[in-house]
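**Student:** give the three-dimensional model of this entry:
(one chain, ligands or ions: 1)
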Amino acid sequence: MKAKLVSESATLTTDLVLTGETNPLNNMFGGELLARMDRTAGIAARRHSRRICVTASVNHVAFNRPIPLGSVVTVEAKVSRAFKSSMEIYLDVWIEDRENGSKQKANEAIYTFVAVDDTGSPVGVPEVIPETELEKLRYEAALRRKQLSLVLAGKMKPSDATELKALFNE
Ligand SMILES: CC(C)(COP(=O)(O)OP(=O)(O)OC[C@H]1O[C@@H](n2cnc3c(N)ncnc32)[C@H](O)[C@@H]1OP(=O)(O)O)[C@@H](O)C(=O)NCCC(=O)NCCS
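**Tutor:** Below is the predicted model:
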């Protein structure tokens with residue numbers, strides 16, 4: 001399978017925050033943002049693998065900044081690293097200033113998707129080639145995050161998490 005650039009999976013979705021998608025403070029519901037991120041990440045995973053992709057895990061979400069009603073929200077997703085059948089998707093969320101159009105970072109998240117066949121069994125995906133400094137940083141840290149996610153899910157023994165052990169021994 002031919003390796004692919006991170007940029008080949010880049011996916012942007014832009015939409016408004018409408019009434020019914022907000023909490024009593026008139027800011028976007030966390031669950032609404034999670035759903036938008038899941039959809040955008042799923043498209044990025046599909047673009048990378050050209051397979052059916054399912055959400056295996058939400059590894060990290062930071063709701064750093066509230067997103068007010070009426071905001072124009074852009075979710076950007078890219079495959080930051082691919083393993084055998086799983087892919088780490090890194091998401092950046094931006095809000096657009098109504099008057100000058102500038103974009104401010106609002107949130108970020110990391111999802112894991114797995115490519116599967118028609119029966120739902122995991123299948124192999126192409127490797128990822130990081131190009132920019134940020135892509136390289138995210139690529140390098142992805143194995144550590146994968147091991148942490150597997151340990152937390154009870155799918156890996158902490159003693160087998162070599163990358164995590166190395167982190168604590170630094
Ligand atoms: C995701 C799924 C396909 C994994 O199947 P599985 O039988 O556990 O398969 P495996 O153990 O071989 O894992 C497949 C890959 O997923 C990775 N994975 C599984 N659980 C993970 C987790 N919690 N965090 C990170 N990676 C995980 C494994 O490390 C493996 O990666 P690799 O092939 O790149 O090394 C299966 O659990 C599933 O279908 N889950 C439901 C998905 C779904 O419906 N999502 C929507 C929720 S509403």
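**Student:** residues in the chain within reach of the ligand, list them.
**Tutor:** 54-57, 83-86, 112, 114, 116, 120, 122, 146, 149-150, 153, 155 (C-beta under 6 Å from any ligand atom). Just so you know, the C-beta spots here come from the backbone N, C-alpha and C atoms, and that holds for glycine as well.
**Student:** quick one: buried ones out of those?
**Tutor:** Buried subset of the residues of the chain next to the ligand (neighbour count, 16 or more other C-beta atoms under 10 Å): 56-57, 83, 85-86, 112, 114, 116, 146, 149-150.
**Student:** from residue 145, how far off is the residue lying closest to residue 3 once chain neighbours are set aside?
**Tutor:** Nearest non-adjacent residue to residue 3, counting by C-beta to C-beta, 6 or more residues apart in numbering: residue 127, 4.1 Å away. Distance, residue 127 to residue 145, by C-beta to C-beta, to the nearest Å: 17 Å.
**Student:** which one's more surrounded, those two?
**Tutor:** Taking neighbours as other C-beta atoms under 10 Å, residue 127 and residue 145 compare with residue 145 leading, 21 against 13.
**Student:** could you export the helix or strand of the chain with the lowest mean pLDDT as PDB, CA atoms only?
**Tutor:** Ranked by mean pLDDT, DSSP states H and E, the helix or strand of the chain with the weakest confidence is helix 162-169, at a mean of 82. C-alpha atoms of helix 162-169 as PDB (Å, rounded to 0.1, in the frame of the first residue of the first chain):
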ATOM      1  CA  THR A 162       6.900   0.800  26.100                       C
ATOM      2  CA  GLU A 163       6.400   4.400  24.900                       C
ATOM      3  CA  LEU A 164       4.600   5.400  28.200                       C
ATOM      4  CA  LYS A 165       7.400   3.800  30.300                       C
ATOM      5  CA  ALA A 166      10.000   5.700  28.300                       C
ATOM      6  CA  LEU A 167       8.100   9.000  29.000                       C
ATOM      7  CA  PHE A 168       8.100   8.400  32.800                       C
ATOM      8  CA  ASN A 169      11.800   7.400  32.700                       C
END
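**Student:** which residues are in contact with that helix?
**Tutor:** 143-144, 147-148, 151, 158 (C-beta atoms under 8 Å, 6 or more residues apart in numbering).
**Student:** give me the buried subset of these.
**Tutor:** 143, 147-148, 151.
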